[in-house]
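Asker: Structure of the sequence below:
(chains A, B, C and D)
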Number of protein chains: 2
Amino acid sequence: MNLRDFRYLLAVAEHRNFGRAAEACRISQPTLSVQVRRLEEQLGVALFERTSRTVAPTAACERLIGHVRAAVAEMDAILDIARALRDPLAGRLRLGIVPTLAPYLLPLVFAPLREALPALELEPWEDQTAALLDRLRAHELDAALLATEPDGPDLASRRLFAEPFFAALPPEHPLAGRAVVAEEDLAEDILVLADGHCLRDQALAACGRNGGLGGTLRAASLSTLLNMVAAGYGTTLIPALAAGPAQDAGIVLRPLATRAGRTIRIAWRTHFPRRAAVEAVGEVIATRLRGFAEGAAAGVI
Amino acid sequence: MNLRDFRYLLAVAEHRNFGRAAEACRISQPTLSVQVRRLEEQLGVALFERTSRTVAPTAACERLIGHVRAAVAEMDAILDIARALRDPLAGRLRLGIVPTLAPYLLPLVFAPLREALPALELEPWEDQTAALLDRLRAHELDAALLATEPDGPDLASRRLFAEPFFAALPPEHPLAGRAVVAEEDLAEDILVLADGHCLRDQALAACGRNGGLGGTLRAASLSTLLNMVAAGYGTTLIPALAAGPAQDAGIVLRPLATRAGRTIRIAWRTHFPRRAAVEAVGEVIATRLRGFAEGAAAGVI
DNA sequence: GGTGAGCATAGGTGCCGTCTATCGCCTTTA
DNA sequence: TAAAGGCGATAGACGGCACCTATGCTCACC
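Answerer: This is a model prediction of the structure:
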């Protein structure tokens, strides 16, 4: 049973004339006659009483026509909504971001994203990598900004930009006098984030250590970590985007000898249908951060 | 765009598995896959995110599914109502009846009609022949009980029963002594109904007169006419079904020499789709009145 | 690395929605 | 009273689509 037939029925009921109704429906009069007849057979009810001169809706037709109108209206609503949903660059996009990136990246890219993708309603969601991947796989996120490359065939990702690490030192720290810091030298009194932060593992790896920090304090956030370094509790590695706040806190930053860093990627489910939106978001971010790694490496004191 | 595809969509959204959804829809899995794909193309929106293992509704699907449910519900309502309307012997039937017949026939046939056609909601409408025919042609009535045969190709009718006329006389009237009355003898002091009543013309015709009654009083109803005869104002012809009330009023009835009478017919629009209901009503009435003419002619005093 | 679950694709078939041409009925008009 | 015209139904042809079975492809699991 086709919605089209309902439109035909409404047209005949309105015009009370098959020829004009057919014209309104942009079909031939015989087609309309046949289709209405078929509909009557399918419903098992005569809808119109025809003579060679007149067409009159039957009582059954009057009884049904309200529901027919409602069904057609729902159909039109569906088509309207679908039309509005058609643009993959419009609508909500739930974007996961790791906590060591979110507070520093979002201020940079929010305005460009709004400008480039005005119809996209970006919903940032801050959480650690593992949680983001879980939510991504559970369809609770549409994409995620990560510092690692997700594995498994169900997820895909695209590199956005490289973010170098800096040695973060209290001003009075012995290493603060050097122009470049060797990662191994930091290892002694390095402070790291709590378990689960990707930056924790990456910082330890850069220093040649694989965990096992004994009683060393683990910060819950990069912001906490910076405050602890500023207070002279130790040293750490911070990603380049956090350089500004770190310096504001009075921390001395020095480039690393190996130019170690992390790569920021945007990840999505392989089969996510609005891949175009993800790509567009990635493109805006990559463009905004183009040349950032080099500039950061060279520009810091 | 087919309602069937919406049912498919709902099935996939419910089962989250094409195979089981196809089973629920009683179609093959490939058919369901193709149809859902087609629907997505028609709407221009991805409805499901598929992997080789999982099926998940997209945000667009969630947005649309309420309206889809509503459309399907309307469709089901239409089918349900149509099913209920399918029986031509059920539902309202507006039946016109001429005033000289209605009060005497209805008490006889109401119970048999109720029993034979319990689902039929008979709506009697009492009016004169011309008005009934107008309303019938205007679709304001579905059928009519008349004492004449309607003409024109747009109306059809069926004979139901013959109703003899009787001479109605005041007890003291000279003709009351005869066993049989010749119509011409009534013509002198005959009382007739007002213009528009078919019985008026038929009574006059039976007496060999074509109207032109001068100042003779014209009654608005048969009941009034009977009271006037009972009061001795004159004579009249009454149809056999009115015999009971006439005798109750103290009127003397005598058969007519020519056995004149009228034929009661049921009429309907030629193209009226519930002809079965009209025929059924006619059949019940004809059955109830079978042999009535002979019985009436013989049974009256 | 084989097996099985599950969605997609391919190819064939019959129905159905559409068209144009024409019929049949009835009303209007010359 | 016959011709013309309006209107719905019917006939026949054709293309598309919904459906089927068979098979391919991907991925998880053992």
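Asker: Moving C-terminal from the lengthiest strand in chain A, which element do we reach first?
Answerer: What stands out as the longest strand in chain A, according to DSSP state E, is strand A:155-169. Moving toward the C-terminus from strand A:155-169, the first helix or strand encountered (DSSP states H and E) is helix A:183-186.
Asker: May I have that following helix exported as CSV, CA atoms only?
Answerer: Included here for helix A:183-186 are C-alpha records, laid out as CSV according to Å, rounded to 0.1, in the frame of the first residue of the first chain:
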residue,chain,number,x,y,z
GLU,A,183,65.1,13.5,28.3
GLU,A,184,67.1,11.1,30.4
ASP,A,185,68.1,14.0,32.7
LEU,A,186,64.5,14.6,33.5
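Asker: Following element in sequence after it, please.
Answerer: The element immediately downstream of helix A:183-186 (helix or strand, assigned by DSSP H and E) is strand A:192-193.
Asker: how distant is that next one from the center of its chain?
Answerer: Computed by Cα atoms, centre = their mean, to the nearest Å, the chain-centroid distance of strand A:192-193 equals 27 Å.
Asker: Relative to that strand, what are the paired strands and their orientations?
Answerer: Each strand paired with strand A:192-193, and its direction, by DSSP bridges: strand A:218-219 (parallel).
Asker: Need the contact partners of the partner strand.
Answerer: Contacts of strand A:218-219 with the rest of the structure, by Cβ atoms under 8 Å, 6 or more residues apart in numbering or on different chains, involve A:191, A:192, A:193, A:194, A:195, A:200, A:225, A:228. (C-beta placed from N, C-alpha, C; glycine too.)
Asker: Could you dump those into a markdown table and include pLDDT and neighbour count?
Answerer: Conversion of the contacts of strand A:218-219 to a markdown table gives the following (pLDDT from 0 to 100; neighbours: other Cβ atoms under 10 Å in any protein chain shown):
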| residue | pLDDT | neighbour count |
| --- | --- | --- |
| A:191 | 82 | 22 |
| A:192 | 83 | 24 |
| A:193 | 84 | 23 |
| A:194 | 81 | 14 |
| A:195 | 80 | 10 |
| A:200 | 84 | 22 |
| A:225 | 87 | 30 |
| A:228 | 88 | 17 |
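Asker: Pipe these into JSON lines and attach distance to residue B:32 per row.
Answerer: Written out in JSON lines, the entries for those read as follows (distance: Cβ to Cβ, whole Å):
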{"residue": "A:191", "distance to residue B:32": "57"}
{"residue": "A:192", "distance to residue B:32": "52"}
{"residue": "A:193", "distance to residue B:32": "49"}
{"residue": "A:194", "distance to residue B:32": "48"}
{"residue": "A:195", "distance to residue B:32": "46"}
{"residue": "A:200", "distance to residue B:32": "48"}
{"residue": "A:225", "distance to residue B:32": "54"}
{"residue": "A:228", "distance to residue B:32": "59"}
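Asker: Just confirm yes or no for stretch A:146-161 near DNA strand D.
Answerer: Yes: part of stretch A:146-161 sits near DNA strand D under the criterion Cβ under 7 Å from any atom of the strand, namely A:152, A:153, A:154.
Asker: so how far is that stretch off the chain centroid?
Answerer: Relative to its parent chain, stretch A:146-161 has a centroid offset of 14 Å by Cα atoms, centre = their mean.
Asker: What parts of chain A come near DNA strand C?
Answerer: Taking Cβ under 7 Å from any atom of the strand, the part of chain A that reaches DNA strand C is made up of A:2, A:4, A:26-28, A:30-31, A:34-35, A:38, A:51-53.
Asker: So which of the residues you listed are in helices?
Answerer: Residues from these lying in helices, with DSSP state H as the criterion: A:4, A:30, A:31, A:34, A:35, A:38.
Asker: what residue ranges in the stretch 151-300 of chain A score low on pLDDT?
Answerer: For the stretch 151-300 of chain A, residues meeting the criterion pLDDT under 70 lie at A:209-217, A:297-300.
Asker: And the strands in it, which stretches?
Answerer: With DSSP state E, counting those that start in this stretch as the definition, the stretch 151-300 of chain A shows strands at residue ranges A:155-169, A:192-193, A:218-219, A:236-239, A:252-255, A:261-269.
Asker: Quick check: which helices or strands does the fifth one pack against?
Answerer: Going back to what we said before, that points to strand A:252-255. Identification of packing neighbours for strand A:252-255 by 3 or more Cβ pairs under 8 Å, 6 or more residues apart in numbering or on different chains; DSSP states H and E yields strand A:155-169, helix A:243-248.
Asker: Filtering the residues of stretch A:146-161 next to DNA strand D by proximity to chain B, which remain?
Answerer: Among the residues of stretch A:146-161 next to DNA strand D, the ones lying near chain B by Cβ under 8 Å from any Cβ of the partner chain are residue A:154.
Asker: And the residue of the stretch 201-301 of chain A that's closest to DNA strand C?
Answerer: Closest to DNA strand C within the stretch 201-301 of chain A is residue A:271: 9.2 Å, counting by Cβ to the nearest atom of the strand.
Asker: Quick one: end-to-end length of stretch A:238-252, please.
Answerer: From the first residue to the last, stretch A:238-252 extends over 11 Å; the measure is Cα to Cα, to the nearest Å.
Asker: who touches that stretch?
Answerer: For stretch A:238-252, the external contacting residues (Cβ under 8 Å, 6+ apart) are A:100-101, A:104-105, A:108, A:147, A:163-166, A:168-171, A:173, A:176, A:199, A:222-223, A:225-227, A:229-230, A:253, A:261-262, A:292-293, A:296-297, A:300-301.
Asker: Give me the phi and psi for the residue in the stretch 201-301 of chain A that DNA strand D sits nearest to.
Answerer: Relative to DNA strand D, the nearest point of the stretch 201-301 of chain A is residue A:270 (6.5 Å; Cβ to the nearest atom of the strand). Backbone torsions for residue A:270, taken as degrees, to the nearest 10, come to phi -50, psi -40.
Asker: what's the most buried one of the helices and strands packed on strand A:252-255?
Answerer: strand A:155-169 (a mean of 22; mean count of other Cβ atoms under 10 Å in any protein chain shown).
Asker: Tell me the strands beside that one, with direction?
Answerer: Taking DSSP bridges as the criterion, strand A:155-169 pairs within the sheet with strand A:236-239 (antiparallel), strand A:252-255 (antiparallel), strand A:261-269 (antiparallel).
Asker: quick one: buried residues of the longest one?
Answerer: Neighbour-count burial for strand A:261-269, counted by 16 or more other Cβ atoms under 10 Å in any protein chain shown, picks out A:261, A:262, A:264, A:265, A:266, A:267, A:268, A:269.
Asker: Return the closest of those residues with respect to chain B.
Answerer: Sorting the buried residues of strand A:261-269 by how near they are to chain B, with Cβ to the nearest Cβ, puts residue A:269 at the top with 6.9 Å.
Asker: so the closest one touches residue A:135, yeah?
Answerer: No: using Cβ atoms under 8 Å, residue A:269 makes no contact with residue A:135, being 11.0 Å away.
Asker: which residue sits closest to whatever residue of the stretch 151-300 of chain A ends up closest to chain B, ignoring its sequence neighbours?
Answerer: Sorted by distance to chain B under Cβ to the nearest Cβ, the residues of the stretch 151-300 of chain A start with residue A:273, at 3.4 Å. Counting by Cβ to Cβ, 6 or more residues apart in numbering or on different chains, residue A:273 lies nearest to residue B:46, which is 3.4 Å off, once chain neighbours are set aside.
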